[in-house]
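[1] need a structure here:
(2 chains)
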Amino acid sequence: MEPREEVLALLAENARYTLEDIARMTDLTAAEAEALIAELEDEGVIAGYQAVVNWRVADRERARAEVELNVTLDRETSYDDIARRIAGFPEVKTLQLVSGNYDFLARVEAGSTREISRFVSERIAPVPEITQTVTHFVMDTYKEQGIQMNGGGDEDDRLSISP
Amino acid sequence: MTQNRSQDREHRAIEVSERVADVPPSGIRRYFELAEEVEDIISLGVGEPDFSAPWAIREAAIASLERGATSYTTNRGLRSLREAIETYVHRRFDLGYSAENEVLVTTGASEAVDLAIRTLVDPDDVVAVVEPTYLSYRPIGRLTGAEVIGVPTAVEDDFRVTPERLAGAGADEADVLVMCYPNNPTGAVMQIDALRRVGTFAREHDLTIISDEIYAELSYEDDHVSIASLPGMRERTVVINGFSKAFAMTGLRLGYALGPAHVIDAMNRIHQYTMLSSPTTAQHAALEGLRSCLDEVGSMRQSYDRRRKFVLARLAELGIDCFEAKGAFYVFPRCPWPDEERFVESLLEEEQVAVVPGHVFGESGDGHLRVSYATSLEQLREAMSRLERFLAE
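    Residues are numbered from 1 along each chain as shown, chains lettered A, B, ... in the order given. Model (predicted):
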């Protein structure tokens, strides 16, 4: 694997690996790893770093919804134009153009389901190009970013010493 | 008391055969018992993957049970599984074995080792075992009544076996040579040139080779080469492999042996009387593994490789001398203390980190430690910090 790929794979797995750990796991020195990460950040390849939080365990549960959006396009308005208008709202955590029965899928987060309802009806639905919204409130999360939540995952039942 | 006395009488009444009485208890047992007593232990003494089997494998096992596939299979194993093995070993290791009569599915690679030794060895034969090595070859060899000799390898040769070492140990007089590369406990691998030399030695001295390649998928710098893929070696080699390590399914107990038809046929003769067939559920699971899980095998390999580099780097930082192990999931550093047993016990007692002393795996392992990195990076990081603190004290 190329060093760039390797560093990206490591950070995608765990963004908290220290430069020293990254150096130990690759053929890079810590300084080289640091420079490479800076480069990846500058180029926008690494867009940011976030923790995967299980808010339910933190007892700070927030309301979440997956919102399907249907839109109409015209000569002056592209998907990108509409996406920019929607992505600007801080409540919208993820926004993707998708294939299938609807055009965009937005993940929306707020303090309560009421707030989400209000946000969708007052901010999203009124956008002129949006023809329809379908809101799915998230009832529970079992897996997020490849990490199993709420007691998922495997147990380690191995003997402490084996041949 | 009464019960004890009757147990004593029973003990006298039933006599264990001399052959079995002659087999020494496993040298690793003692360390297992010590480790079991310790709380908050980080064990680097584990000889199996920390991953569970890929989900698709587990689903296939469950689905086979739901379909009611709970009967025996043919002695040699499911035809579809043998065909998948034929294709896999051909693509992956350039080995040509026919599903029809050159593949035998066994209950773990361990059964394949047992069958191969019993099939190839007579009581007055000599079995040479390349050491340090996995614990079972020697006792199984002894159980046949044969003489077992160790072929020591050394760190100077990166724990590879060489014709000089073979000759020095008297293996030129042996009938069967057992070797395991990538190696447990050293992590050593054999590249093609080194294998060629061993092959030439085997042909010159008419040695049959049992090549345990259970760690074949875990070779990090170069792809694994099977000695049976070299010219003139197929006819004198039995290859042993399995699903335990690469597919992380040790507990499902599934392995296989590859060899010339008449040898597989003879092994199957023992297998049909002792095992009948290998666990059916595990066979369905393994089939799915070969069909759809090779990518996951690759990601597990990548993960082990990172940990390998991490552990080697940390040991070097701590000033512990360790040759660059390139396979399996073990490194085999030199023990920093002259007395490795004391070191292992003190490390366990003071820092709750378990490793296994090298001598357990054969005399030539003396002065070394087997450190397994089949554990999460977080655990490895913590274990290395504890080791650092231990050495500083």
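
[2] So the residue sitting furthest away from the middle of chain A: helix, strand or coil?
    Largest separation from the mean C-alpha position in chain A: residue A:163, at 42.1 Å (Cα atoms, centre = their mean). Under DSSP: H, G, I helix; E, B strand; the rest coil, residue A:163 falls in the coil class.

[3] per-residue confidence for the residue nearest to it when sequence neighbours are not counted?
    Spatial nearest neighbour of residue A:163, excluding adjacent residues (Cβ to Cβ, 6 or more residues apart in numbering or on different chains): residue B:135 at 4.7 Å. Just so you know, the C-beta spots here come from the backbone N, C-alpha and C atoms, and that holds for glycine as well. Looking at residue B:135, its pLDDT reads 95.

[4] count of neighbours near residue B:135?
    If you count neighbours by other Cβ atoms under 10 Å in any protein chain shown, residue B:135 ends up with 19.

[5] mind listing the strands for chain A?
    Using DSSP state E, the strands assigned to chain A run over residues A:63-71, A:92-97, A:104-110, A:130-137, A:143-144, A:147-148.

[6] Near the nearest residue to residue B:65 once chain neighbours are set aside, how many other residues are there?
    In space, and not counting its chain neighbours, residue B:65 is closest to residue B:281: 6.2 Å by Cβ to Cβ, 6+ apart. Each residue near residue B:281 was counted by other Cβ under 10 Å, and the total is 17.

[7] isn't residue B:281 right up against residue B:67?
    No. Using Cβ atoms under 8 Å as the test, residue B:281 is too far from residue B:67 to be in contact (10.8 Å).

[8] quick revisit: list the contacts for the residue farthest from the centre of chain A?
    B:26, B:28, B:47, B:134, B:135, B:136, B:184 (Cβ atoms under 8 Å, 6 or more residues apart in numbering or on different chains).

[9] what's the distance between it and residue B:188?
    Distance of residue A:163 to residue B:188, given as Cβ to Cβ, to the nearest Å: 17 Å.

[10] cool, and residue B:169?
    17 Å.

[11] the more surrounded of those two?
    Neighbour count, other Cβ under 10 Å: between residue B:169 and residue B:188, residue B:188 has more, with 28 against 21.

[12] quick one: contacts for the more buried one?
    B:153, B:158, B:159, B:160, B:181, B:182, B:323, B:325, B:326, B:327, B:332.

[13] what about the first one, neighbour count?
    Residue B:153 has 26 neighbours, counted by other Cβ under 10 Å.

[14] and the gap between it and residue B:17?
    33 Å.

[15] same question, residue B:43
    Residue B:43 is 34 Å from residue B:17, by Cβ to Cβ.

[16] So between those two, which is more surrounded?
    More crowded of residue B:43 and residue B:17, by other Cβ under 10 Å: residue B:43, with 26 against 9.

[17] Apart from its neighbours in sequence, what residue is nearest the most centrally placed residue in chain A?
    Chain A has residue A:94 as the residue nearest its centroid, 6.2 Å off, counting by Cα atoms, centre = their mean. Of all residues not flanking residue A:94 in the chain, residue A:107 sits nearest, at 3.9 Å (Cβ to Cβ, 6+ apart).
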